[in-house]
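Trainee: Model the following, please.
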Amino acid sequence: MILSGILVGITCGLAGVILKSLVHYIHYIITHKVHFEEQLLFYAIFPFAGIVLTTLVVMWFFQGKDKKGIPLILNEIARNSSIVSPVKMYSQIVQSAITVGLGGSAGLESPIAVTGAAIGSNYAQTYKLKYKERTLLLAAGATAGIASAFNAPVAGVMFAMEILLTGVVFSDFIPLVVAAVCGSLVSGILLDEEVLFQFRTRSHFDYSNIIFYLGLGVTCGFFARYFVVISTMVEHYFQELKYSRLQKAMIGGAILSVLCVLYPPLFGEGYETIKMLATGKVRDLVDNSFFSMVSYSKWVVVIFVALICLLKAFATSITINAGGNGGNFAPSLFSGGAMGYLFAGICSLFGIADVPTTNLVIVGMAGVMSGVMYAPLTAIFLIAESSSGYDLLIPLMIVSVISYLIAKWFSPVSPDLDHLAKAGKIFTRKHDHNLLSMLHTLDLIDKDIQHININADFEALATLVRTGKRNIIAVVNDQKELVGIITLDDLRPLLFDKNAFDLLTIRKLMRQPEAVIGEFDSVVSVAEKFDKTGAWNLPIVKSNGGELVGFISKSSVLNSYRQLLREYSD
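Mentor: Reported below is the predicted structural model:
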């Protein structure tokens, strides 16, 4: 597994290098080789072209299959035995390179993570490894991808533990560490610093500035909530649009182009903008927008940066949901950096001296990312490694944890994953539910059952009891639909009373079951019904009409659960 971690890490590191380099060179070509007389025309054409081209590539070359992002990986771990389609090893690179390279306001880290996960999963499938090893290598691939994107191996490991392996019990994380180191080394050796996400300029942490970080943490927490709410609203908007996929891409691309024309910092990932804010070059950003028409002042800067923060959530959500490919990693970092600068600017407006602006920009990135991604440890170590030192670890912890707690206060589960968690399609921290969700109701049905028609006489029932081996008998109508059940406990007092034969009918003897299960109900809901009713056997009916399928016993659920638990404990 250590050797596998090395090989997967190197491969995923190379994939990350390829994607980052592709986007860097696309940016270089469109900014240095393609000349536009009007800058507005530049920002109007390329973001629109990026989303539309990505949509066409998905439709023409990938059969319209455009599932993307971290939820895809989590679903494959929980519901598909950690088997990821081999197409994902390259489709995400192609799609995200077009989207982000041409100015889509999204990040490359989620596509890199999906690509790495696909590489790790397919490596494990090639060598026919079991589910546990396959899951570990899937996570190792994603870890190496994140580590290569930021040259931050510790952050890559934290990403795997906090997000990907939630609810998965592992004791051996060495392959993850090895993969992260390999991915980071590959990108560090092959990529220039200008391509990597790195910050060198900062000031040392001063304990007297703690009040700034406490305030920034609260601000980042509420802004992170705003970010995810806007993302959810835009997602629902595009889902409900009654247009074709290409038409949605054109609408989204047009809106994004308008935003980029008004606010050029929204173009692309935005890391250069954050570096300019951190180094005090905000005037260059203002002069490159329509704000250049008003006189420069501190108030203008505050309004300019505030609008960047507010509009970035829309720009990113439109990019991703209109047909582009990307993730919230870079946008949350971008928004956090802008929020840190905005917080510092507001403090300065109120006459507060010695505001650590650069530190607030850097720490703000971790704060918003923590609240958006629900990953405080990943955010802390990502910024600590990217800023080449751990001297800001205390403010990073303060801001990230406060932001995370505020986000959790609004929603215990990340809104991106909430609907999947409720549907049992991804693992959560409820380990009991995770194991049960891996079982399938159809596999646990006992179809060797006894049943009797509701219009049969008592003698037919007695004969069925004498010749049968079951303790429970289903009562059905002429359409084979379940109408009730009869148990041996109900019959014992009557079996030896011959006078009862003529007086009793099936209709009088039967009773309603404590609960009825649909054939496609999850095993989690089945277990909950067993717990609630105290029953040992429950009938299963077809979902489209109530026709009896069979029975499911608590014993079969417990036996399958114990088998899974044994496999996880090995």
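Trainee: Which element, helix or strand, includes Arg562?
Mentor: Here Arg562 sits within helix 554-569, counting by DSSP states H and E.
Trainee: Over to Lys128?
Mentor: Judged by DSSP H and E, Lys128 forms part of no helix or strand.
Trainee: Pull out the buried positions in stretch 437-452.
Mentor: For stretch 437-452, burial by neighbour count (16 or more other C-beta atoms under 10 Å) applies to Ser437, Met438, Leu439, Thr441, Leu444, Ile445, Ile449, Gln450, His451, Ile452. Using the backbone N, CA and C atoms, a C-beta is placed for each residue, glycine as well.
Trainee: ok, back up a step: for the helix holding Arg562, what is the distance to the chain centroid?
Mentor: The chain centre lies 28 Å from the centre of helix 554-569; the measure is C-alpha atoms, centre = their mean, to the nearest Å.
Trainee: Packing partners of that helix?
Mentor: helix 131-150, helix 431-437, helix 523-533 (3 or more C-beta pairs under 8 Å, 6 or more residues apart in numbering; DSSP states H and E).
Trainee: Of those, which shows the lowest average pLDDT?
Mentor: In terms of average pLDDT, helix 431-437 trails the rest of the helices and strands packed on helix 554-569, at a mean of 73.
Trainee: Strands - which of the buried residues of stretch 437-452 land there?
Mentor: Among these, the members falling in strands (DSSP state E) are Gln450, His451, Ile452.
Trainee: Out of those residues, the closest to Arg79 would be?
Mentor: His451 (33.0 Å; C-beta to C-beta).
Trainee: In contact with the closest residue to that closest one other than its chain neighbours, which residues?
Mentor: Among residues not flanking His451 along the chain, Ala474 sits closest, at 4.1 Å (C-beta to C-beta, 6 or more residues apart in numbering). Taking C-beta atoms under 8 Å, 6 or more residues apart in numbering, we find Ala474 in contact with Ile449, Gln450, His451, Ile452, Leu482, Gly484, Ile485, Pro539, Leu548, Phe551.
Trainee: Tell me the spacing between the last one and Arg507.
Mentor: Computed with C-beta to C-beta, to the nearest Å, the distance linking Phe551 and Arg507 is 21 Å.
Trainee: Let's have the contacts of Ala474 in JSON lines, adding distance to Gly424 and pLDDT.
Mentor: Output for the contacts of Ala474, formatted as JSON lines (distance: C-beta to C-beta, whole Å; pLDDT from 0 to 100):
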{"residue": "Ile449", "distance to Gly424": "27", "pLDDT": "82"}
{"residue": "Gln450", "distance to Gly424": "32", "pLDDT": "84"}
{"residue": "His451", "distance to Gly424": "30", "pLDDT": "84"}
{"residue": "Ile452", "distance to Gly424": "35", "pLDDT": "85"}
{"residue": "Leu482", "distance to Gly424": "25", "pLDDT": "86"}
{"residue": "Gly484", "distance to Gly424": "30", "pLDDT": "86"}
{"residue": "Ile485", "distance to Gly424": "28", "pLDDT": "86"}
{"residue": "Pro539", "distance to Gly424": "22", "pLDDT": "88"}
{"residue": "Leu548", "distance to Gly424": "25", "pLDDT": "86"}
{"residue": "Phe551", "distance to Gly424": "22", "pLDDT": "88"}
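Trainee: Which of those sits closest to Ala224?
Mentor: Pro539 (46.8 Å).
Trainee: give me phi/psi at the closest one?
Mentor: phi -80, psi 150 (degrees, to the nearest 10).
Trainee: one step back: what average pLDDT does the helix holding Arg562 get?
Mentor: On average, helix 554-569 scores 80.
Trainee: next one: stretch 91-111
Mentor: Mean predicted lDDT for stretch 91-111 stands at 91.
Trainee: Number the chain from 10, please
Mentor: Fine by me, first position is 10 from now on; the one you just mentioned is stretch 100-120.
Trainee: more neighbours, Phe560 and Arg516?
Mentor: Phe560 (24 against 12; other C-beta atoms under 10 Å).
Trainee: From Leu573, how far out is the more buried one?
Mentor: Here the criterion is C-beta to C-beta. By it, Phe560 lies 22 Å from Leu573.
Trainee: for Ala258, same thing?
Mentor: 42 Å.
Trainee: between the two, who's got more neighbours?
Mentor: Legend: neighbour count by other C-beta under 10 Å for Ala258 and Leu573, higher for Ala258 (25 against 15).
Trainee: in the helix or strand hosting that one, what's buried?
Mentor: In this assignment (DSSP H and E), Ala258 forms part of helix 254-271. Buried residues in helix 254-271, counted by 16+ other C-beta under 10 Å: 257-266, 268-270.
Trainee: In terms of model confidence, name the weakest of those.
Mentor: Val270 (87).
Trainee: For it, give me its contacts.
Mentor: With contact set as C-beta under 8 Å, 6+ apart, Val270 has these partners: Leu49, Tyr52, Ala53.
Trainee: That one - nearest residue in space that isn't next to it in sequence?
Mentor: For Val270, ignoring the flanking residues on the chain, the nearest one in space by C-beta to C-beta, 6+ apart is Tyr52 at 4.7 Å.
Trainee: Equivalent analysis for Lys541, please.
Mentor: Ala524 (7.3 Å).
Trainee: For that neighbour, grab the count of nearby residues.
Mentor: Count around Ala524 with other C-beta under 10 Å applied: 15.
Trainee: my guess is it meets Thr542, correct?
Mentor: Yes: if you go by C-beta atoms under 8 Å, Ala524 and Thr542 touch, sitting 5.2 Å apart.
Trainee: Quick one: the strands in the stretch 160-309 of the chain, in order.
Mentor: Counting by DSSP state E, counting those that start in this stretch, one finds no strands in the stretch 160-309 of the chain.
Trainee: What ranges does it have for its helices?
Mentor: 162-168, 183-199, 219-249, 254-271, 280-287, 291-296, 307-330 (DSSP state H, counting those that start in this stretch).
Trainee: Minimum distance to Tyr136: which of the ones you listed has it?
Mentor: helix 183-199 (13.5 Å).
Trainee: Report pLDDT for the nearest residue to Glu244 once chain neighbours are set aside.
Mentor: Distances taken as C-beta to C-beta, 6+ apart place Asn330 nearest to Glu244, at 4.9 Å, with adjacent residues excluded. On pLDDT, Asn330 comes in at 92.
Trainee: Count the neighbours of Asn330 for me.
Mentor: For Asn330, using other C-beta under 10 Å, the count is 18.
Trainee: Check Glu468 too.
Mentor: Glu468 has 10 nearby residues by other C-beta under 10 Å.
Trainee: Which helix or strand contains it?
Mentor: Assigned by DSSP H and E, Glu468 falls within helix 467-476.
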